[in-house]
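A.B. asks: build me a model:
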Amino acid sequence: MRKKLAIDISTVICIIFVCLFSLIFLGFMINAKPGLHRWYSILSACLSFAAFTCCGVIFIRKLAADIGGIFRPEKAPAGSAETAARPPFKAAPRDVLFIALGVTFFFAATLLAVELLRIVNVGGTGFSHFEKLWSSLDSRHYLYIAEFGYTADTPDADIGRVVEIVFFPLFPAIVSVLGRIIGSFFIAGLIVSYVSFGFAMYFLFRLVAEEYGRISGYAAIVAIMILPGSFFFVAPMTESLFLAFTFGAVYFIKKERWLAAAVMGFFSALTRNLGVLVAAIYVYELLLKLPETVRRCRAGAETTRKAIPRFIIRLLFAVLIPAGTLVYLLINHRIYGNAFAFMEYEKSNWNQSLGWFFSTAEYCVRYMADYLKDPARTQKGYSLWAMNLFAHFGVLALLISRHRKLRTSYYGYSLVYFAVSMGVTWLLSGTRYMLGLFVLPLMLPGIRSAAALFEPGNETCGTPERRRKALASVIGAGIFAAVMIAVGVLYAIAFVKRLQVW
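C.D. replies: Here you go, the predicted structure:
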């Protein structure tokens with residue numbers, strides 16, 4: 001009865017969600033200007049709206065299934081990723097060694113490959129050209145903050161430096177300390193990204209391997225390394241550091257090490273604005289543990305006097321996560337007298353404010369069409385607008401087709417992360433933003449399935465039908481990897497040519 005009630009309520013909520021969201025989209029359509037918007041750009045907005053609406057319905061259903069699972073203790077919550085019965089996983093020293101070697105190879109290969117592409121396509125040799133390329137992204141702002149700090153808005157201040165308050169402080173703070181020790185802020189930035197990416201891959205490996213096996217853990221690492229734009233992980237920017245703290249927080253939440261998870265979440269929120277979303281995963285997963293605690297108390301396995309204070313303390317730990325964002329707001333207030341000064345500078349300098357992601361899909365198609373008509377801007381049309389669309393619809397497609405691979409909390413996090421990142425009114429870095437979505441390597445099609453075939457004790461190939469499915473997984477993973485690598489190489493060429501790759 002309770003399960004049926006939860007499902008009935010979820011149906012009503014789904015209908016309300018679709019109706020309200022449709023009204024918002026209808027308002028966008030009514031305000032569309034016939035002379036500006038074209039039929040194909042409106043179609044792109046419609047597809048984005050429909051795909052996200054489908055994701056929203058999936059999330060509500062997953063949420064209802066979790067609530068129903070609370071009242072069925074004999075079954076795991078429906079939001080859990082599929083888990084095969086396997087003995088407890090224990091990381092070995094060789095795993096740490098393999099990950100370290102893999103990350104080192106990835107960094108060295110990426111730096112070398114990008115440098116060769118730069119020499120072939122642009123020309124010039126020497127360290128100055130190398131440094132200029134990797135400092136041409138937002139990395140130049142982070143490195144300046146690391147060396148000189150934030151710049152107050154005074155009459156004689158350089159406005160180009162004043163607006164750098166939009167960049168969060170943790171990465172430049174770490175680079176500042178290391179840079180003053182070794183004498184180069186640029187090299188310090190590369191080192192911080194290298195070490196951060198190593199920790200990110202370690203936590204990713206543990207997250208996947210403990211649920212699906214060691215080889216699947218390695219496959220997840222390879223999957224994230226071949227994504228288009230993965231060279232951003234090498235650059236002296238926040239991408240690697242953000243992933244390290246986010247993966248760390250999610251891993252410790254899964255292991256029920258709540259204080260460690262909250263500390264990781266604090267640093268994630270201090271690294272990028274969307275780091276604060278980890279708090280939602282923390283609170284949701286903690287609340288899922290509450291019915292189990294109640295049942296243990298009723299069974300006499302635990303006393304209420306101990307259980308309730310412990311639960312409250314763990315819940316209070318969650319306050320640490322938004323505290324990271326609060327520190328950033330206090331910095332804004334201390335320097336500019338306004339805790340939300342960064343929003344004003346984003347609007348005035350980059351014309352960026354929060355909008356609707358389906359509007360982003362519309363103007364990306366429209367601008368891409370305009371760029372492709374101009375021979376001088378054709379390449380930029382592909383490197384900027386086409387890649388934004390690739391990331392936009394690629395992530396939506398994964399969220400729809402691979403939703404069973406994700407826990408409910410991960411899925412909800414992904415929807416909010418996508419909506420905020422892709423809802424920017426002037427999106428220049430869609431591909432880079434999506435690389436920070438930690439669930440991507442958990443969803444990539446075929447990669448993990450193919451890797452699972454080589455797990456010890458796997459009996460997937462026991463019958464002809466299973467052998468055919470196994471072969472299909474391997475072929476699918478190979479095709480997917482080839483496409484990602486090909487797109488990644490083209491995107492890297494656009495980067496070295498400085499064709500609007502941000």
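A.B. asks: helix, strand or coil: sort out the most centrally placed residue in the chain for me.
C.D. replies: Residue closest to the mean C-alpha point of the chain, counted by Cα atoms, centre = their mean, is Leu437 at 1.2 Å. Look at Leu437: counting by DSSP: H, G, I helix; E, B strand; the rest coil, its state is coil.
A.B. asks: that one is in contact with Val420, isn't it?
C.D. replies: No: under the criterion of Cβ atoms under 8 Å, Leu437 lies out of contact with Val420, with a separation of 11.2 Å. Heads up, the C-betas are built off the backbone N, CA and C, glycines and all.
A.B. asks: for the residue nearest to the centre of the chain, which non-adjacent residue is closest in space?
C.D. replies: Leaving aside its sequence neighbours, Leu437 sits nearest to Tyr417 (Cβ to Cβ, 6 or more residues apart in numbering; 5.6 Å).
A.B. asks: show me what the strand or helix carrying the one you found is packed against.
C.D. replies: Using DSSP states H and E, Tyr417 maps to helix 408-422. Contacts of helix 408-422 with other secondary structure elements, assessed using 3 or more Cβ pairs under 8 Å, 6 or more residues apart in numbering; DSSP states H and E, are made with helix 39-70, helix 278-299, helix 357-373, helix 387-401, helix 430-435.
A.B. asks: hmm, back to that, residues contacting the residue nearest to the centre of the chain?
C.D. replies: Leu437 makes contact with Val395, Ser414, Tyr417, Phe418, Ser421 under the criterion Cβ atoms under 8 Å, 6 or more residues apart in numbering.
A.B. asks: mind checking pLDDT for the second one?
C.D. replies: When you say that, I think you mean Ser414. In the prediction, the pLDDT value recorded for Ser414 is 98.
A.B. asks: same question, the first one
C.D. replies: According to the per-residue confidence, Val395 scores 97 in pLDDT.
A.B. asks: output the below-cut-off pLDDT ranges for the stretch 1-150 of the chain.
C.D. replies: For the stretch 1-150 of the chain, the stretches flagged by pLDDT under 70 are 1-7, 33-36, 69-88.
A.B. asks: how much space separates the residue nearest to the centre of the chain from Gly213?
C.D. replies: Distance, Leu437 to Gly213, by Cβ to Cβ, to the nearest Å: 23 Å.
A.B. asks: again with Leu112
C.D. replies: Between Leu112 and Gly213 the distance is 32 Å, computed by Cβ to Cβ.
A.B. asks: more neighbours, these two?
C.D. replies: The residue with the greater number of neighbours, taking Leu112 and Gly213 and applying other Cβ atoms under 10 Å, is Gly213; the counts read 22 against 10.
A.B. asks: how far away from the center of its chain is the helix or strand hosting Ala477?
C.D. replies: Under the criterion DSSP H and E, the helix or strand holding Ala477 is helix 464-496. Mean-position distance between helix 464-496 and its chain equals 21 Å (Cα atoms, centre = their mean, to the nearest Å).
A.B. asks: can you check stretch 150-160 too?
C.D. replies: Centre-to-centre, stretch 150-160 and its host chain are 32 Å apart (Cα atoms, centre = their mean).
A.B. asks: quick one, phi/psi of Tyr150?
C.D. replies: In this entry, Tyr150 is assigned phi and psi values of phi -70, psi 150 (degrees, to the nearest 10).
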